[in-house]
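S.K.: My questions concern the predicted model and sequence given below.
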Amino acid sequence: MFQIESLSSDHAEFIFYGWNNNINRNTKQLINVRRGDNSDIRVAVVRRMISIIRENAQEDFLWMSQRLGRTITLSARARDNSGLEEFMMREFFFEAPAAQR
């Protein structure tokens, strides 16, 4: 669903393979991310990914984890945000969020 293309200390780009509401079909979309007020660019990337997920799912959703090698159920609910952020950080960066180090 997501593939990180570039990552620097203040800017990142990732590909989102998914639903495009503008044309009503799945497409490959390049997403640009700036660090902004986030403590780390990786946090900014994960938060942008989560915002895209929440555009398409508000409750549980299936995630094909490359790291775990299987499909798991995750929650897009706002109350489960910290757990989702931590999971996504490990999924893409193989470590806990920068705020927790």
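M.R.: Yes, it's here. Numbers count the residues shown, from 1 in each chain.

S.K.: how many other residues sit next to Leu30?
M.R.: Residues lying near Leu30 (other Cβ atoms under 10 Å) number 9. Any C-beta I mention is one placed from the backbone N, CA and C, and that applies to glycine too.

S.K.: What are the contacting residues of stretch 76-93?
M.R.: With contact meaning Cβ atoms under 8 Å, 6 or more residues apart in numbering, stretch 76-93 is reached by 2, 4, 42-43, 45-47, 49-50, 53-54, 57-61, 65-67, 74-75, 95-97, 100.

S.K.: Can you pull the poorly scored residue ranges out of this protein?
M.R.: Scanning the chain for pLDDT under 70 picks out the ranges 19-24, 95-101.

S.K.: State the distance from the residue nearest to the spatial centre of the chain to Phe93.
M.R.: By Cα atoms, centre = their mean, the mean C-alpha position of the chain lies nearest to Met49, the distance being 2.8 Å. Met49 sits 12 Å away from Phe93, going by Cβ to Cβ, to the nearest Å.

S.K.: what kind of secondary structure is Phe87 in?
M.R.: helix (DSSP: H, G, I helix; E, B strand; the rest coil).

S.K.: any idea how far it is from Tyr17?
M.R.: Applying Cβ to Cβ, the value for Phe87 to Tyr17 is 19 Å.

S.K.: More neighbours: these two, which one.
M.R.: Per other Cβ under 10 Å, whichever of Phe87 and Tyr17 has more neighbours is Phe87, with 20 against 11.

S.K.: any idea which helix or strand comes after the longest helix belonging to the chain?
M.R.: In the chain, ranked by residue count with DSSP state H as the criterion, the top helix is helix 41-56. Using DSSP states H and E, the helix or strand that directly follows helix 41-56 along the chain is strand 60-65.

S.K.: Note down every partner strand of that next one and its orientation.
M.R.: strand 70-75 (antiparallel) (DSSP bridges).

S.K.: Figure out how far the strand it pairs with is from the centre of its chain.
M.R.: Here strand 70-75 shows a centroid-to-chain-centroid distance of 14 Å under the convention Cα atoms, centre = their mean, to the nearest Å.
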